[in-house]
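Enquirer: Predicted model, plus sequence, below.
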Amino acid sequence: AMSAPPRASAVPAAAAAAAAASPPPPPPSTRQGALSKYKSDPKDDGTYDLVIVDGFFGPEEDVKPHVGGYVRAENGDVGVLTGAFGKAGKCKVSFTSGTKLPLGAALTLTLAGGAE
């Protein structure tokens, strides 16, 4: 019996062409901030659930559109931007599994959707 030629190469080529046709999404915008203070009492293991971060936003900026943004600490802890704190551009960041970051520790906020 004659074996049919393999046709596997047809699918990846078409997929590659389709992928090339649509431009890649813009890289998400990130901002740097620092741990300003602890907002929650320490848990039994010495970690904090809620902290205040300074530097992600300017005093005139609205934090609301960025709530839910992904925050990564210098030690690898991951948190979520939960809202503004006061009027000077500070914001609240929640760490679901807690954090032991020292005051002044660096954090990076990834803005959702790459919006400015």
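Expert: Happy to help now that I have it.

Enquirer: Residues in a beta bridge with the most centrally placed residue in the chain, which ones?
Expert: In the chain, the centroid-proximal residue (CA atoms, centre = their mean) is Y70; its distance is 2.3 Å. Y70 forms beta bridges with V80, T110, as assigned by DSSP bridges.

Enquirer: all numbers from here: first residue = 276
Expert: New numbering, starting at 276: the last item is Y345.

Enquirer: Against F331, how distant is it?
Expert: Distance, Y345 to F331, by CB to CB, to the nearest Å: 12 Å. Every residue, glycine included, has its C-beta placed from N, CA and C.

Enquirer: coming back round to it: which ones are touching the residue nearest to the centre of the chain?
Expert: Residues near Y345 by CB atoms under 8 Å, 6 or more residues apart in numbering: 353, 355-356, 384-385, 387.

Enquirer: mind pulling up the phi and psi values for T357?
Expert: Reported as degrees, to the nearest 10, the phi and psi values for T357 are phi -110, psi -10.

Enquirer: ok so, going back, overlap in contacts, Y345 and F331.
Expert: With CB under 8 Å, 6+ apart, Y345 and F331 have common neighbours 356, 384.

Enquirer: Ramachandran coordinates for P340?
Expert: With angles defined as degrees, to the nearest 10, P340 sits at phi -60, psi -20.

Enquirer: Let me see the confidence value for it.
Expert: pLDDT, P340: 91.

Enquirer: what number of residues lie near it?
Expert: 12 (other CB atoms under 10 Å).

Enquirer: buried subset of the contacts of Y345?
Expert: With burial judged by 16 or more other CB atoms under 10 Å, the buried subset of these is 356, 384-385.

Enquirer: so G343 touches V355, yeah?
Expert: Yes: taking contacts as CB atoms under 8 Å, G343 lies within contact range of V355: 6.3 Å.
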